[in-house]
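attaching a predicted model along with its sequence, questions to come.
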Amino acid sequence: MSGEEFVPLSLTPLLIGTFAAIACALPGNFLVLRKQALIGDAISHVVLPGIVVAFLLTGAISTWPMMLGAAGAAVVAVVMIEAIRRLGQIEPGAAMGVVFTTMFAGGVLLLEQTDTSTVHLDVEHALYGNLESLIWLDATDWSSLLDLQALAGLPPELPRIALTLTGVLLFTWLFWRPLKISTFDEGFARTIGIRTGALGMALVLIAAIAAVAAFDAVGSIIVIAMFICPPAAARMMTNRLEVQIVWSVLFATLSAVSGYVLAGYGPLWLGAADAVSAAGMIATISGLILALTAAFGPCRTRSGAPSQA
Amino acid sequence: MLWEALTLQLGYNATLVAIGATLLGVSAGVTGTFLFLRKRALVSDAISHATLPGVCLAFMVLVALGGDGRNLIGLLAGSAISAWVGLLCMNWLTSRTRLAEDAAIGAVLSVFFGFGVVLLTVIQTMGVGRQAGLEGFLLGSTAGMLWADALVIAIGGAATLVLVMIIRRPMTMVAFDPEYAAARGLPVHRIDLAMMGLVMAVTVVGLKIVGLILIVALLIIPPVTARFWTERSDRVVVLAGLAGGLAGYLGAGISASAPNLPTGPIIVLVSFGFFALSLLFAPVRGVLAAILSHLRFQRRVHIRQGLLALAQGQQIYEPLTIRLLRRTGLVRADGVATEEGRARAAKALRDEKRWEIVRADQAHEATAALYDGLRDIETVLTRDQIAEIDRRIGGPQEVTP
């Protein structure tokens, strides 16, 4: 494929998809190890009402209010889950289920009530994402990468997800030791003075930010695949956290790139005329990777436990 | 308008929807209870998302066979098969790999949903142009409910209810104590699968009304709501069925009474309303009851401490204690104990002494463990035992004002 075709049409979606996958996989590693994987699930469902409310308040599709709305909704959800869990003495899974389904229902209701579907904020887009449409129309070929005028026309999602990825990387790097210690031995972490509560909250917040940034690229539910599948697959490959992180980034990149390529060109190879959903394909590929590692990964069983249940 | 909707006078279609939603609410509430008691509420999330690829594949097969692809039974069969496959994947991931259940749930739900989205885009390009019925499966669409759809929902709902009734005992036992159930010779694994199968059936039946994402709410919220009101599992089941049915009925009524009120979300929000009321106002387990019992406890502690202080002739400085003592008529406004206050103070001090003896005596060890500074000694010892203690500590002493 030539630069004239690749750069404007495929480069930006590819980069956005890959960045989103890595930004989700990094906090996902810790969430999976801490048995909080479904926090990602809850967050990605409540992002919808947050964005709708932000839209209703500002009356415009603009980036920052929506990001704030989504992050706000995620925080509201986490606080509500915690409140219901404590006040009602309900197990965390059920408390989570109550909160995210209700908030999701509220989001759908708001969408229908206000008829926001006339503007490009509709339920389907929110669920499936629209990675394919994040194209860079101002680009002509590879030389556009050095052309300031063309660069100004980049889809705003790209710098946003790049910034988010930088933030996630920074967070992981800065808090590496406390994160690692508190993930494996919370009691020990507390005795050496790590504030595990605050750290856990920060991790959830980082996950929420990553989910929000990835949301308009891949849709709310497929984000969950990015959170869980690469880290889970990486966990089957190794017993060391450092190595697991590297594997998860590798798997995230692999599923993003191959998912996008397969979605765009796979049907053409099969003789069909149209592309299929890139976000859906990325989730599918990440699931396939997980299935392969679950079947053949070197560290797939619990250490010490018999492999046959 | 709302009244007419609730009394089923808004026309044939609205009536169908109301009845269907009520039936669905009852069966979801009842089935979800066992999932909730088994602490697996979120498994329903994986099941519901895993139905999407099945719906799409069934649609494609139906179109390939020459139909219009909107045959409800065909679509439901497809969704049931893919939900079952998802469930098996989840089970396999949790039992054969090191992944915890939550990661398995998340992986299955997102990957199956993602694959379903891929299939949806394939269908869009198939040029059938009539996939409108499919889009409804995501968020529920009841507007076009037909008599045949209602029949499927009614029969499906009733069948799940009957099955739940038949296997409720083993399911309850497994939910509360799987080890004990296994020791009793119950096939725990198969009962779990049966429970999941029932959840799957409810999910599949509910797709048409509330959609695949919100059916989870109907499976989780009513059982949690019911749990606030009782400690007995059989009553939780009944109450959850009631809460679910009522939410379905009211939700369908409200959504029929005005435009742009989608049925699924409204049902979920009504259900959450019941939950919020229960969380706040349920007796014993509710927040209000907890606050009241805390206040009662605080009052008893303060009065008790106040009485002991009076009996020992100490000045009371704690404002709440003074206020409480005055309000119950135990001290006068100037802080001097009343007749009754003196009597109660003497009794309190004496009880404290009796407790002291009890706690020092090896023979009363079990009784002594009950001491919390508030319990009346008469509730734990017989009159003879108290008389025996009194012999040791001498007669009662007058409290001087």
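Structure received. Residues are numbered from 1 along each chain as shown, chains lettered A, B, ... in the order given.

where do the helices sit along the stretch 201-350 of chain B?
Counting by DSSP state H, counting those that start in this stretch, the stretch 201-350 of chain B has helices at residues B:233-257, B:263-281, B:287-311, B:319-327, B:339-360.

which of the helices and strands in chain A ranks last by mean pLDDT?
Here the helix or strand of chain A ranked lowest by mean pLDDT, DSSP states H and E is helix A:123-128, holding a mean of 68.

out of the helices of the stretch 201-350 of chain B, flag the one nearest chain A.
When those are compared by CB to the nearest CB, helix B:263-281 sits nearest chain A, at 3.7 Å. Glycine gets a C-beta too; all of them are placed from N, C-alpha and C.

for the closest one, buried residues please.
Across helix B:263-281, burial judged by 16 or more other CB atoms under 10 Å in any protein chain shown covers B:263-275, B:278-279.

ok and it relative to helix B:233-257, angle-wise?
Relative orientation of helix B:263-281 versus helix B:233-257 (axes from the mean of the first three to the mean of the last three CA atoms, to 10 degrees): 130 degrees.

using CSV, write out every CA atom in helix B:263-281.
This file holds the C-alpha atoms of helix B:263-281, laid out as CSV (Å, rounded to 0.1, in the frame of the first residue of the first chain):
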residue,chain,number,x,y,z
THR,B,263,-38.9,0.7,28.1
GLY,B,264,-35.6,-1.0,29.2
PRO,B,265,-33.9,1.9,30.9
ILE,B,266,-37.2,3.0,32.6
ILE,B,267,-37.7,-0.5,34.0
VAL,B,268,-34.1,-0.5,35.3
LEU,B,269,-34.5,2.9,36.9
VAL,B,270,-37.7,1.9,38.6
SER,B,271,-36.0,-1.1,39.9
PHE,B,272,-33.2,1.0,41.2
GLY,B,273,-35.8,3.3,42.9
PHE,B,274,-37.0,0.2,44.8
PHE,B,275,-33.4,-0.6,45.7
ALA,B,276,-32.7,2.9,46.9
LEU,B,277,-35.8,3.0,49.1
SER,B,278,-34.9,-0.4,50.6
LEU,B,279,-31.3,0.7,51.2
LEU,B,280,-32.5,3.7,53.1
PHE,B,281,-35.7,2.5,54.9
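
centre of the chain versus that helix, how much separation?
With CA atoms, centre = their mean, to the nearest Å as the basis, helix B:263-281 stands 12 Å off its chain's centre.

nearest spatial neighbour of whichever residue of the stretch 101-250 of chain B sits closest to chain A, skipping sequence neighbours?
For the stretch 101-250 of chain B and chain A, the shortest gap (CB to the nearest CB) falls at B:Gly114, measuring 2.4 Å. Computed as CB to CB, 6 or more residues apart in numbering or on different chains, the closest residue to B:Gly114 that is not its neighbour in sequence is A:Ala283, at 2.4 Å.

what about the residue of chain A at minimum distance from chain B, how many neighbours?
Nearest to chain B, among the residues of chain A, is A:Ala283, at 2.4 Å (CB to the nearest CB). Using other CB atoms under 10 Å in any protein chain shown, A:Ala283 has 33 other residues around it.

what average pLDDT does the helix or strand containing it get?
Assigned by DSSP states H and E, A:Ala283 belongs to helix A:278-296. Averaging pLDDT along helix A:278-296 gives 93.

do the same with stretch B:243-261
Stretch B:243-261 comes out with an average pLDDT of 88.

return the set of buried residues in that stretch.
Using 16+ other CB under 10 Å as the test for burial, stretch B:243-261 gives B:243-257, B:261.

about what we covered before: can you list contacts of the next helix or strand after the least confident helix or strand of chain A?
Sequence-wise, the next helix or strand downstream of helix A:123-128 (DSSP H and E) is helix A:148-151. With contact meaning CB atoms under 8 Å, 6 or more residues apart in numbering or on different chains, helix A:148-151 is reached by A:Trp136, A:Asp138, A:Ala139, A:Thr140, A:Ser144, A:Leu145.

give me the neighbour count for residue 286.
In the absence of a named chain, this looks at chain A. Residues lying near A:Ser286 (other CB under 10 Å) number 31.

can you look at chain B instead?
Applying other CB under 10 Å, we find 19 residues neighbouring B:Gly286.

which intervals of the stretch 101-250 of chain A have sub-threshold pLDDT?
The stretch 101-250 of chain A contains residues with pLDDT under 70 at A:115-126.

got the buried residues for stretch A:7-26?
Buried residues in stretch A:7-26, counted by 16+ other CB under 10 Å: A:7-26.

what about it, distance to the chain center?
Using CA atoms, centre = their mean, the offset of stretch A:7-26 from its chain centre is 11 Å.

go on, stretch B:293-309?
Offset of stretch B:293-309 from its chain centre (CA atoms, centre = their mean): 33 Å.

mind listing what residue 38 touches?
As the question left the chain open, I've gone with chain A. A:Gly93, A:Met96, B:Leu42, B:Asp45, B:Asp102, B:Ile105, B:Gly106.

actually, chain B is the one I wanted.
Contact analysis of B:Arg38 by CB under 8 Å, 6+ apart lists B:Val174, B:Ala175, B:Asp192, B:Met195.

could you rerun that using 10 Å?
By CB atoms under 10 Å, 6 or more residues apart in numbering or on different chains, the contact set of B:Arg38 is B:Met171, B:Thr172, B:Val174, B:Ala175, B:Phe176, B:Pro178, B:Ile191, B:Asp192, B:Met195, B:Met196.

the nearest residue to B:Gln305 once chain neighbours are set aside and A:Ala152: what is the separation?
Leaving aside its sequence neighbours, B:Gln305 sits nearest to B:Thr321 (CB to CB, 6+ apart; 6.4 Å). Going from B:Thr321 to A:Ala152 by CB to CB, to the nearest Å gives 72 Å.

neighbour count winner among those two?
When B:Thr321 and A:Ala152 are compared for neighbours, B:Thr321 comes out ahead with 20 against 8, by other CB under 10 Å.

okay, now the closest residue in space to B:Gly211 that isn't next to it in sequence: neighbour count?
Spatial nearest neighbour of B:Gly211, chain neighbours left out: B:Gly140 (3.2 Å); criterion: CB to CB, 6+ apart. Applying other CB under 10 Å, we find 25 residues neighbouring B:Gly140.

separation between the residue lying closest to B:Ile215 once chain neighbours are set aside and A:Asp41?
Nearest residue to B:Ile215, sequence neighbours excluded (CB to CB, 6+ apart): B:Gly206, at 4.1 Å. The spacing between B:Gly206 and A:Asp41, counted by CB to CB, is 19 Å.

of those two, who's got more company?
Of the pair B:Gly206 and A:Asp41, B:Gly206 is the one with more neighbours under other CB under 10 Å, namely 32 against 29.

before we move on, the earlier item: dump the contacts of B:Arg38 into a markdown table; add pLDDT as well.
Output for those, formatted as a markdown table (pLDDT from 0 to 100):
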| residue | pLDDT |
| --- | --- |
| B:Met171 | 89 |
| B:Thr172 | 89 |
| B:Val174 | 88 |
| B:Ala175 | 86 |
| B:Phe176 | 85 |
| B:Pro178 | 86 |
| B:Ile191 | 89 |
| B:Asp192 | 88 |
| B:Met195 | 90 |
| B:Met196 | 90 |
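
ChimeraX command for the buried members of the residues you listed?
Selecting only the buried entries of those in ChimeraX, with 16+ other CB under 10 Å as the criterion:
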select /B:171,172,174,175,178,191,192,195,196
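
what number of residues lie near A:Val276?
Using other CB under 10 Å, A:Val276 has 23 other residues around it.

wasn't it part of a strand?
No. Counting by DSSP: H, G, I helix; E, B strand; the rest coil, one finds A:Val276 to be coil, located in no strand.
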